[in-house]
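Q: predicted coordinates and the sequence they were generated for:
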Amino acid sequence: MNNEVVSSLGDKAYTQPAATAAVRARVSRPVLEIDNLSVQFVTSHGTVRAVEGLSYSVYPGEMVAIVGESGSGKSVSALAVMRLLPPGTARIQGSVRFDGRELLNLDEEEMRKIRGRDVAMIFQEPMTSLNPVLKIGLQITEPLTIHLDMDEKAARARAVELLTLVGVTDPETRLDQYPHQLSGGMRQRVMIAIGLACNPKLLIADEPTTALDVTIQAQILELMKDLSRRLGVAVVIITHNLGIVARYADRVNVMYAARLVESGTAEKVFGHAFHPYARGLLSAVPRLDRGRSAKLATIEGAPPNLLAPPSGCRFRPRCRFAIDRCQEVPPLEPAEPEHLAACFRKHEMEMLDVAGQDAETAVKVGANGGAAPILDIKGVSKFFPVRGGMFSKTRHVRAVNDVTLDVKRGETLGLVGESGCGKSTLGRLVLRLDDPTAGEIRFEGIDIAHLKRGEMVAVRKKMQVIFQDPYSSLNPRMTVGQIIAEPMRVHDILPKPQIAGRVAELLQLVGLYPYMALRYPHELSGGQRQRVGIARALSVNPRVIICDEAVSALDVSIQGQVINLLEDLQHKLGLTYLFIAHDLAVVRHISTKVAVMYLGRIVEYAPSDELFANPKHPYTKALLAAAPIPDPVIERTRPRTIIKGELPSPLNPPSGCVFHPRCPLATEDCKKAVPPLRELGPGHPVACIHA
């Protein structure tokens, strides 16, 4: 391994060498050369221009990131390289050279020999990529037997080696399991193992960590970066997480509406972006190293319809700095050495953007220290019974275990932790969608934990929820107007003649147009659907809203718009939020208080700025260390500790402190008793004997 690079799964910092990987790698020829690639899809509505004029190269040992909003052409360009686009509807032009060989001219049999052996791809959702009826072992050994002619014994030995390489514990046992028996992090590691099975020269990773917790995400990306450096694998990573790009990428390609608009080293693109779209993306990202000081700078509007894209610069309809010349197509040309941008005003952008920054609106965080809690949770637990067999003893999944929290009117309580820690279950208990096993849930002084079904109707009008995936939570057979009006009709909020007017008001309140009431959910973008979900929640004039991963499925620019909207509505309507999320930067930006949850228990609880500036619990510290910051200068020098292992099963939790199997500070005392929450500062309880 190159001595200039430190990259491991241990307690080390990733150190960027004096010369970047890209500069060192260019002594050899590129592994992948894409030149003027265009992809069009012929549909019944017309021709979709999915990719236009895309050109870039990737060298051995280099990691190139492709970023941009959904629909910008990132994944389509990767599928074009893999020759996985449907031949009947996809028209591909240009050149894709792999190791000097033109892939677009190969017949299907020749391409099949390269795909999976020399060029591999890790897809976004492993559960849909892995065959659910085949064992893990068979799926890993399949490319080994097909491409490398290994016998069954040698292929199985190699599969064990690969699973060990990607950090899967007990690999022999895992080979005989099915995908559904593995966690999300484990399944993604299996996908990486399959991708690396034949020692490919090029690895394409399409949103490889989107569905993963920040801790598992850090483990997997550290692994990919380490393998890229040690084995000389060229990596193309497609992602919308700019923190990941800042931490791991050597070069960055920014795509917008099928075109490449900026390209350069990570340091240059993040340090001094020239294109207004790239600058807007960077400004729209909440940062872990910044408090709740100002609104996020957002990119207004939405990407164009690629069936009929605008002439000239495609970003022109959304650009604050557009001029008449922007009606021409700007060429992608050098703005400085090794830094390309497609903008006529690229050299004026720094000066033009200063005025926009001065106009930022401050976020006002109200102090409610003396107010009584609107939501008071005391000693709440939820155990789910599980019976293993006909004669086996009933065991319990301790999803939520003795949780005590409170939220005052107008506050936002952020709830963070890994998947499976009990965050969403706690949200369901607050909404009384599940009945608690023990404890009190007081809403406006009334214990709703034991109210009968009929008594809960009045409470439902005051407590609403915004779900993670608006597409699955909105009825596809109802129009937007019907969706928003339904709660008003059910709870008899307004007379029927007034409902249509109220729907129009709510649509305008969340930044949509009244005419959208006639549309169906599939006719809206992801950000617009989430706004409809917010309007539906507001339709009954609630006082508390549970936001369950309400922005995690959105693009960076749309996420910024929705976060700003939630903050505006809070100030206008006096709303209180329970904000459940795994994105710590978003939680820091929007929350007044934060609770950290691990395996059903609260391990730390404090005002937002206090917790992020002065974390006490080892788990909180590890979460913050694993969360990337969109700044290469900071990311490549700060030390961080990556949590090893995965969340234990809540069916059989560890004795004593539930975090001790993964804690670097654990002692024998940690195994003996559950540490109580004790105040280490004003309003800052921590459950750790070492804190």
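A: Here it is on my side, so go on.

Q: I'd assumed Arg229 was in contact with Pro60.
A: No - judged on CB atoms under 8 Å, Pro60 makes no contact with Arg229 at a distance of 10.3 Å. C-beta: built from backbone N, CA, C; applies to glycine.

Q: excluding its backbone neighbours, what's nearest Asp631?
A: Nearest residue to Asp631 in three dimensions, chain neighbours excluded: Ala246, at 5.6 Å (CB to CB, 6 or more residues apart in numbering).

Q: hmm, who's touching the helix or strand where the one you found lies?
A: Ala246 belongs to helix 242-248 when assigned by DSSP states H and E. With contact meaning CB atoms under 8 Å, 6 or more residues apart in numbering, helix 242-248 is reached by 14, 63, 65, 67, 209, 217, 221, 224-225, 237, 239, 252, 266, 270, 281-282, 285, 288, 556, 585, 627-632, 634-636.

Q: quick one: distance of that helix to the chain centre.
A: Between the centre of helix 242-248 and the centre of its host chain there is 12 Å, according to CA atoms, centre = their mean, to the nearest Å.

Q: how about stretch 268-282?
A: From the chain centre to the centre of stretch 268-282 is a distance of 20 Å (CA atoms, centre = their mean).

Q: going forward can the numbers begin at 7, since that is how I track them
A: Sure thing, new numbering starts at 7, so read that last one as stretch 274-288.

Q: name the residues of it that are buried.
A: Neighbour-count burial for stretch 274-288, counted by 16 or more other CB atoms under 10 Å, picks out 274-276, 279-288.

Q: dump the residues you listed into a markdown table; add distance to Met357, pLDDT and secondary structure as well.
A: Formatted as a markdown table, those follow (distance: CB to CB, whole Å; pLDDT from 0 to 100; DSSP: H, G, I helix; E, B strand; the rest coil):
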| residue | distance to Met357 | pLDDT | secondary structure |
| --- | --- | --- | --- |
| Lys274 | 18 | 94 | helix |
| Val275 | 19 | 95 | helix |
| Phe276 | 19 | 93 | helix |
| Ala279 | 14 | 93 | coil |
| Phe280 | 12 | 95 | coil |
| His281 | 15 | 95 | coil |
| Pro282 | 13 | 94 | helix |
| Tyr283 | 18 | 95 | helix |
| Ala284 | 17 | 94 | helix |
| Arg285 | 12 | 92 | helix |
| Gly286 | 16 | 90 | helix |
| Leu287 | 20 | 90 | helix |
| Leu288 | 17 | 89 | helix |
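
Q: and the helices in the stretch 307-456 of the chain, which stretches?
A: 355-364, 429-436 (DSSP state H, counting those that start in this stretch).

Q: to Gln183, which of these lies closest?
A: With distances scored as CB to CB, the stretch of the helices of the stretch 307-456 of the chain nearest to Gln183 is helix 429-436 (25.4 Å).

Q: helices or strands up against that closest one?
A: Judged by 3 or more CB pairs under 8 Å, 6 or more residues apart in numbering; DSSP states H and E, the packing partners of helix 429-436 are strand 379-393, strand 400-414, strand 418-422, strand 550-554, strand 582-586.

Q: what sits up against it?
A: Helix 429-436 is touched from outside by 381, 383, 386, 388, 405-406, 409, 421-423, 440-442, 447, 455, 469, 471, 550, 552, 554, 584, 586, 603, with contacts defined as CB under 8 Å, 6+ apart.

Q: now the buried members of the residues you listed.
A: Listed as buried from the contacts of helix 429-436 are 381, 383, 386, 388, 405-406, 409, 421-423, 440, 442, 447, 455, 469, 471, 550, 552, 554, 584, 586, 603; burial here means 16+ other CB under 10 Å.

Q: buried deepest among the helices of the stretch 307-456 of the chain, which one?
A: Among the helices of the stretch 307-456 of the chain, helix 429-436 has the highest mean neighbour count (mean count of other CB atoms under 10 Å), at a mean of 22.

Q: pLDDT (mean, whole number) over that helix?
A: Taken as a whole, helix 429-436 has a mean pLDDT of 92.

Q: how about stretch 199-217?
A: On average, stretch 199-217 scores 87.

Q: can you redo the buried residues of stretch 274-288 as CSV with distance to Arg320?
A: Formatted as CSV, these follow (distance: CB to CB, whole Å):
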residue, distance to Arg320
Lys274, 23
Val275, 19
Phe276, 23
Ala279, 17
Phe280, 16
His281, 11
Pro282, 12
Tyr283, 9
Ala284, 14
Arg285, 16
Gly286, 14
Leu287, 15
Leu288, 19
